[in-house]
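*Asks:* Need coordinates for the following:
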Amino acid sequence: MAIAPDQPTSVPARRGLVARHPLTAFFVLAYALSWIVWAPWVLGTTGAGWLPTTVEPPATGYLNATAILLGPTGAALIVTALTDGRAGLRLLGARLVRWRVSVWWYLLALVGVPLLAVLGCTVVGGVLPDLAALGGPGFLLSYAVSFVLVAVVGGPLFEEIGWRGFALPRLQQRLHPAAAALVLGLLWALWHLPQFFDPSWTAASGGGGPVGIALFVATAVTFSFVTSWFFNGARYSVLIAVLVHTSIDAATTVTPAIFPPALATSAVPLLVSFGAAAVVLLVVTRGRLGLPRDREIS
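*Replies:* Model prediction:
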């Protein structure tokens, strides 16, 4: 029997503040656990003396990986355990490994999403990609290795367990699917704010300052609409959401090789291409982003 995504499972109903407000508890924990890890880095960068004024790789990567694992993933596991117990944890795990979906979802996630990034650069820059710069067929192997590393170390795997695996189904039980994607996109984007203290991360994410942050937030919201459509269409498959998220991140590591660096590292091309895709999906699905009207997806 299908279980509504945020309805009580087979365990007895639990009481308490977390059980009454699971979404609030999740976002508070996700922010707190991640930002606590990032705090010494931020304070050091701003001159508080906890750390040197810069955190060099690989320390930056370890710091980000720890913050992501403790934040979205840790918060999802803790709140699920407190509200739905083992049955809820099994359901969350089932969504993570849900791979039996149409092959079209895999093709769209692995090929369509990177093509959107390339299309955005082409349209905004008015230039064609220099595919010869990729170095021929051998590029596919290096891209595959990079893809796996980005998925596991870069954040998509452990972020999506929380954002899409836990939060989105519950938001969609309370809000219209489009509103749920918007709220999640905003909260997802703002969670990244401490990372703007890392110059390398900031440069790869469209730049810093108020304008750069605003562009990043707007772009993340468009990603949220697109990823919500994938997640809902693939029957709450966190695996598909991870592949979409990874494709977005991996594509931004490739575009600087085939487009002028200033264009490839700008948030504007992604905002244009994914913004257009989000508008099309909202119109075609009448705002439901692939969510069935009965909302009964286990």
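*Asks:* how about stretch 184-194: buried residues?
*Replies:* 184-185, 187-189, 191-192, 194 (16 or more other C-beta atoms under 10 Å). Just so you know, the C-beta spots here come from the backbone N, C-alpha and C atoms, and that holds for glycine as well.
*Asks:* Could you list the low-confidence segments of the stretch 1-150 of the chain?
*Replies:* Residue ranges of the stretch 1-150 of the chain with pLDDT under 70: 1-15, 43-61.
*Asks:* Run through the helices of it in chain order.
*Replies:* Ranges of helices in the stretch 1-150 of the chain, per DSSP state H, counting those that start in this stretch, are 17-20, 22-45, 59-68, 74-96, 103-107, 113-125, 138-153.
*Asks:* centroid residue for this structure?
*Replies:* Centrality entry for the chain: nearest residue to the mean C-alpha point is H245, 5.2 Å, by C-alpha atoms, centre = their mean.
*Asks:* Inside helices: which ones of the buried residues of stretch 184-194?
*Replies:* 184-185, 187-189, 191 (DSSP state H).
*Asks:* Can you lay out the residues you listed as JSON lines showing pLDDT and distance to S205?
*Replies:* Shown next, in JSON lines, are these (pLDDT from 0 to 100; distance: C-beta to C-beta, whole Å):
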{"residue": "L184", "pLDDT": "98", "distance to S205": "19"}
{"residue": "G185", "pLDDT": "98", "distance to S205": "15"}
{"residue": "L187", "pLDDT": "98", "distance to S205": "17"}
{"residue": "W188", "pLDDT": "97", "distance to S205": "13"}
{"residue": "A189", "pLDDT": "97", "distance to S205": "10"}
{"residue": "W191", "pLDDT": "96", "distance to S205": "13"}
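*Asks:* Closest to R174 out of those?
*Replies:* The nearest member of these to R174, counting by C-beta to C-beta, is L184 at 11.7 Å.
*Asks:* I'd say the closest one and S228 touch.
*Replies:* Yes: between L184 and S228 there is a contact at 7.5 Å, judged by C-beta atoms under 8 Å.
*Asks:* where do the contact lists of these two overlap?
*Replies:* By C-beta atoms under 8 Å, 6 or more residues apart in numbering, L184 and S228 have these common neighbours: L168.
*Asks:* which residues of the stretch 101-250 of the chain fall in strands?
*Replies:* Using DSSP state E, counting those that start in this stretch, no strands are assigned anywhere in the stretch 101-250 of the chain.
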